[in-house]
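Colleague: got a structure for you, letters missing:
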RNA sequence: GCGGGUGUAGCUUAGUGGUAAAGCUCCAGCCUUCCAAGCUGGCUAUGUGGGUUCGAUUCCCAUCACCCGCUCCA
């Protein structure tokens, strides 16, 4: 969005989505449900169009690689529920959710692993006057000293041991040594320690809550009886279904490294706070491709997919400077990407993130983390034997992982174009390949030969294109309706059509009209909506 | 998860402790030769659940959803 372009109002976009049948609140008649959305008749067309274009770019007609050779990518469609061991191996069961600590007084929330407790060497849990100040990691020493004085904590920093807040409970007081030592069982005392803490932003003792664990994954139960032994998870990403099938794909097809496996499907995450329409929802759809390559070629392929994926988003309509690439900082890298070449996001400036950007797609170097983990946990050998060099190695993975549902939102917001000069006040400038309806057939009036000819044309086109026939009401209303849903072309039948077999074509963005032979309408559409 | 705000028809708004009003949209019909025109008619609403009351859309409580800010976002 340039500075002088009209602001795109998220409220209006959400309203249009509902009014015209793109996106509805899930369970709308029951008052909705936080974090879930339904796609209506036009929304599902738009989403499917975007999905199919991605699949075409990645699987059906993949690009030429950096070495001039066509790249090879195959698809899978794995189950949403897998053996729970798969999620233990991938690390999703263990430690992805960061425990959080709340301050009851200030209502502030902290990441538990960022909190540091200061324990004086002479700390005596039996003495009520002994406090444990807690600070955020990286708090400057002078601030800490100042706070010490304020709360009557009579020690210097140098006299204290710093202990991660989350490990506080592991510390107990051992009289024999007069020191704080790590003990396995200190259940009798850890509660006392917690009650002595003073949070970073308060002077009151004991306002910090226990660390709360947030589970990333949805739980479910297999079978009718439930019970912990039947516990399973809904996948939080489609990627693992690909890794689980790595060996099956190698054994059943003739692909060789380097190659890719792609998958599109639903994923589920228990977002703490769903927000911003469909941007952060608990059920969403991903388009992921895992590219398996030799470790030495990881850099080459990462750069290739960085460029390739940007091309995609630009080609289907995100042409503005609302799209950008951004390398992750070291501290925001995920566990698997830390050792590798890092992660870069393709980001879009959504109205609700502006002037910031929100992630649309992440391109990560996952190294050999996933295959190694699954090999370890499953006991199945997943190394690759290069048939030419006879070299045995664990392939590295470059992963372009895009949000399909976020893509839909980006498409809608990018296309949403307020235009006070036209009756609808707005139109959707969707790429014709993405538009839910490619054209509308409109008899100028509902009498004489107009509807007859229009119906005939509609019957011819509907076998090949998603087209609408709209006869009722005046022509301006019908143009306006099509503008709002982003239909790129309207063919109008009038008296001249009866005389010379021509129709007018109205182009959505310019509202300009030209006259073409009715016999050429199909070819006209074919040419103009050609997929990117 | 915290704090603040908002909930009356598809949308925008009105109103009231006693039958809930209008414009636009939508639908049907008439009219209409190119951009939501006109005429006639029609559908549709007090987010949900409690409480107070003879009676609650209105007052109270809870809850849900959405918006803003914080927090979070492997």
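Modeller: Now that the structure is in, tell me what you want to look at. Note that this is a predicted model, so its numbers are computed, not measured.

Colleague: Thought residue A:362 was touching residue A:401, still the case?
Modeller: Yes - counting by CB atoms under 8 Å, residue A:401 does reach residue A:362; the two are 5.3 Å apart. From N, CA and C alone the C-beta is placed, and that goes for glycine too.

Colleague: Quick one, grab the pLDDT at residue A:65.
Modeller: Predicted confidence (pLDDT) at residue A:65: the value is 94.

Colleague: and it, how many residues sit next to it?
Modeller: Residues near residue A:65, counting by other CB atoms under 10 Å, number 15.

Colleague: Then residue A:274?
Modeller: Neighbours of residue A:274 (other CB under 10 Å): 20.

Colleague: Find the residue closest to it in space, skipping its chain neighbours.
Modeller: Of all residues not flanking residue A:274 in the chain, residue A:35 sits nearest, at 3.3 Å (CB to CB, 6 or more residues apart in numbering).

Colleague: any idea how far residue A:514 is from the one you found?
Modeller: 47 Å (CB to CB, to the nearest Å).

Colleague: do the same with residue A:459
Modeller: Following CB to CB, the distance that separates residue A:459 from residue A:514 is 23 Å.

Colleague: Counting neighbours, go ahead and name the busier of residue A:35 and residue A:514.
Modeller: residue A:35 (19 against 11).

Colleague: thinking the more buried one is in contact with residue A:269, fair?
Modeller: No - using CB under 8 Å, residue A:35 makes no contact with residue A:269, being 9.2 Å away.

Colleague: what are the ranges of the helices in chain A?
Modeller: Secondary structure of chain A by DSSP state H: the helices cover A:10-19, A:41-55, A:84-90, A:141-150, A:187-195, A:239-244, A:246-252, A:298-315, A:369-378, A:404-415, A:450-461, A:475-485, A:495-500, A:521-528.

Colleague: So the last one, near RNA strand B or not?
Modeller: No - contact of helix A:521-528 with RNA strand B is not found when judged by CB under 7 Å from any atom of the strand; the minimum separation is 13.0 Å.

Colleague: relative to helix A:450-461, how tilted is that helix?
Modeller: Angle, helix A:521-528 to helix A:450-461, by axes from the mean of the first three to the mean of the last three CA atoms, to 10 degrees: 50 degrees.

Colleague: tell me what helix A:521-528 is packed against?
Modeller: Helix A:521-528 sits against helix A:450-461, strand A:489-493, strand A:502-507, with contacts defined as 3 or more CB pairs under 8 Å, 6 or more residues apart in numbering; DSSP states H and E.

Colleague: For the shortest one, name the packing helices and strands.
Modeller: Counting contacts by 3+ CB pairs under 8 Å, 6+ apart, the secondary-structure elements packed against strand A:489-493 are strand A:439-443, helix A:450-461, helix A:475-485, strand A:502-507, helix A:521-528.

Colleague: For residue A:273, the count of nearby residues, please.
Modeller: 8.

Colleague: How about the contacts made by it?
Modeller: residue A:280 (CB atoms under 8 Å, 6 or more residues apart in numbering).

Colleague: Pick out the residue nearest the middle of chain A.
Modeller: The centroid of chain A falls nearest to residue A:403 when counting by CA atoms, centre = their mean (4.0 Å).

Colleague: and that residue, what are its bridge partners?
Modeller: Partner residues in beta bridges with residue A:403, using DSSP bridges, are residue A:286.

Colleague: And the residue of the stretch 351-500 of chain A that's closest to RNA strand B?
Modeller: residue A:476 (2.3 Å; CB to the nearest atom of the strand).
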